[in-house]
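J.: Just need the structure, nothing else, for what follows:
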Amino acid sequence: MKRFGLVTAALFVAAVALVSNANAMPQFVRQTGLTCNQCHITQIGTPDFTFTGKKFRLNGYRAPYVAEKIEAGEEGALNGRRLMLGLISPLAFRVGQTFLSQSKGASQVVNGVTVPTTATGVTTRPYSNWAMFYNGAIGDHIGFWNETYFTARNNDVSNIYRLNGMDEWDLRFVWNPGYDNIIGLATTTQAFSYLAGFGPARSGAAGQGAIQRGGTPGSAHTPYANIAAYALLKDRFLVVAGIQGGEDNYDLSGGAAYQLLLGAAISNSDYNQLWANVQVKAGNDAIPIVTNTSMDVNAVNWTYSDAFTGVSATRGATSATRVSYMAADIGDFVRSTAEVEYSFVDRGPHSLWSSCGVAINRETYADGAGIKQQGLGCNVRYLYNRTFGFSKGISRYLKNEFTDKNGLVHPISQQKFDALGELLSWTLRYKPAMNFSIGIGLSAAQGGGGGRLDDARVYNKDGWSWSFSFDFQF
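T.: The predicted structure is shown next:
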């Protein structure tokens, strides 16, 4: 074990040496002349945003930008209509690798006797993700974001690159009436919170992920479009409203979800950013909260399974009836989340992003069953000199109850809260360049269980995991 530790340390030093002279070169840096740090506070894993970054997104990925332009000549001039050129300027790539990882599940106590578990081997997974982006401004009022992922089916390590996912599509039409107003229209596969930069980094409140479901886990958003209109007024007040087709179809007439997001910037500068926002989504066509989607082994057909073990068993006594709930089974649903986000950059050597929120969800099914959820969560990220830092998130359900078709209420279990385990569980980051991140994930003294109806299992607090990863954008 000592020899393995020395080898790991040597590889870490070598990786740092190789990338220490890298420069920030994603496509928006090339297009605008801004650095990564002007739009992002930490860029730890999923990005968070400064106030400048939020406005850049709302403005259709446009700023006073530097790009190749050809002005029409005097003869037949079109006066300001330009041809945007350049293949390389809007193109960017992202490569992620889980270089080393290992885990050990918590041992279960059965009839007073501990059933031990065995740690996995130390594994490596090259190219945990590989993504291609083609993003940027199209003329003076249009912006485009597209992200294509090559990834494993359902994060299956043995099937690397079985899927090519059009992960994110975001097309904006934007106008700027007045100096500090932005009006826009968007067709996007991203959640409404992403439109304004309140995602993908969020509070992580338990149940918050129900706002937008479906898709292939770990690789792609669903292919339907969220259609939205939005306005940022006086750099202070944000309104986003729109509609989305069902989470398993494209038919707006057959079923839909209506969405509203309201936000207020109490402090609206990069140096001191404080937001409050509320998002509500309601409708009658969605992947149920109690169901997970995945792909079959050939990556051809969707498969469905219980998100909480035991749900399908309440539906009947035969294999034909003991199936997971589908979108066709859903009645009405309301999913909501509220957050307070605070951040600052470069206060001396210190930069911080944080968010705390609550999620409240309710949905019913055609047979009379339903689920109610209430959850909390907080997430914090810190960087020293934008180079060394950590991230930490905590979330808990206050209520997570499934009511079956006979009216019987089933509590859904979650891992018991362990203060020591939380204290010892962090993700540490080192950023030798703005576009390169090295992460060390630590999770210690963890219990087991959770995600099961009427769960009576007992676990010791002896589970743990660690990982060593890279993330590079260029």
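
J.: In the sheet, which residues pair with the residue nearest to Ala206 when sequence neighbours are not counted? Tell me.
T.: Leaving aside its chain neighbours, Ala206 sits nearest to Gly375 (2.8 Å; criterion: CB to CB, 6 or more residues apart in numbering). For the C-beta atoms, the positions are set from N, CA and C on the backbone; glycine is no exception. In this structure, Gly375 bridges to Ala359, Tyr397 when assessed by DSSP bridges.

J.: residues contacting Gly375?
T.: With contacts defined as CB atoms under 8 Å, 6 or more residues apart in numbering, Gly375 is in contact with 205-208, 358-359, 395-398, 400.

J.: and the most centrally placed residue in the chain, what does it touch?
T.: Central residue of the chain (CA atoms, centre = their mean): Pro200, 4.1 Å from the mean position. Taking CB under 8 Å, 6+ apart, we find Pro200 in contact with 46-47, 194.

J.: ok now stretch 240-251, how far from the chain's centre?
T.: Per CA atoms, centre = their mean, to the nearest Å, the displacement of stretch 240-251 from the mean C-alpha position of its chain is 19 Å.

J.: rewinding a little: could you dump the contacts of Gly375 into TSV and include neighbour count and pLDDT?
T.: Conversion of the contacts of Gly375 to TSV gives the following (neighbours: other CB atoms under 10 Å; pLDDT from 0 to 100):
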residue	neighbour count	pLDDT
Ala205	28	96
Ala206	24	95
Gly207	26	95
Gln208	27	94
Val358	20	98
Ala359	28	98
Ser395	18	95
Arg396	15	96
Tyr397	20	97
Leu398	13	97
Asn400	23	97
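
J.: Identify, from those residues, the entry nearest to Cys39.
T.: The shortest separation between Cys39 and any of the contacts of Gly375 is 23.4 Å, and it belongs to Gln208 (by CB to CB).

J.: SS state for the residue nearest to the centre of the chain?
T.: coil (DSSP: H, G, I helix; E, B strand; the rest coil).

J.: how about low-confidence regions in the stretch 201-350 of the chain?
T.: The model of the stretch 201-350 of the chain has pLDDT under 70 over residues 214-223, 249-250, 254-255, 296-300.

J.: still on that earlier bit, ok, now how distant is the residue nearest to Ala206 from Ile211?
T.: Here Gly375 is placed at a distance of 12 Å from Ile211 (CB to CB, to the nearest Å).

J.: How about the secondary structure of Tyr194?
T.: Three-state call for Tyr194 (three-state DSSP): helix.

J.: what's the burial count for it?
T.: By the other CB atoms under 10 Å criterion, the neighbourhood of Tyr194 contains 21 residues.

J.: sorry, back to before: how far away is the residue nearest to the centre of the chain from Arg57?
T.: Counting by CB to CB - Pro200 and Arg57 are separated by 12 Å.

J.: where do the contact lists of the two overlap?
T.: Contact with both Pro200 and Arg57 is made by residues Tyr194, according to CB under 8 Å, 6+ apart.

J.: Quick one: residues contacting the residue lying closest to Phe333 once chain neighbours are set aside.
T.: Using CB to CB, 6+ apart and skipping residues adjacent in sequence, the residue nearest Phe333 is Glu363, 3.4 Å away. Residues in contact with Glu363 (CB under 8 Å, 6+ apart) are 286, 288-289, 330-335, 370-371.

J.: Make a PyMOL selection of whichever of those turn out to be buried.
T.: The following PyMOL selection, which keeps only the buried ones among those, applies the criterion 16 or more other CB atoms under 10 Å:
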select buried, resi 286+288+289+330+333+335+370+371
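
J.: Which of the contacts of Glu363 fall within strands?
T.: Cross-referencing these against strands under DSSP state E gives 330-335, 370-371.

J.: Now flag whichever of those is closest to Met132.
T.: The shortest gap between Met132 and any of those belongs to Arg335, at 31.3 Å (CB to CB).

J.: Can you tell me how far that closest one is from Asp404?
T.: From Arg335 over to Asp404 the distance is 21 Å, taken as CB to CB.

J.: Val239 too?
T.: Look at Val239 and Asp404: by CB to CB, they are 39 Å apart.

J.: Who has more neighbours out of those two?
T.: Just comparing Val239 and Asp404: by other CB under 10 Å the higher neighbour count belongs to Asp404, 19 against 13.

J.: tally of neighbours for Asn301?
T.: Using other CB under 10 Å, Asn301 has 9 other residues around it.

J.: follow-up on the earlier one: a markdown table please, covering the contacts of Pro200 and showing distance to Leu274 and pLDDT.
T.: Compiled in a markdown table, these are given as follows (distance: CB to CB, whole Å; pLDDT from 0 to 100):
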| residue | distance to Leu274 | pLDDT |
| --- | --- | --- |
| Thr46 | 21 | 80 |
| Pro47 | 19 | 86 |
| Tyr194 | 20 | 89 |
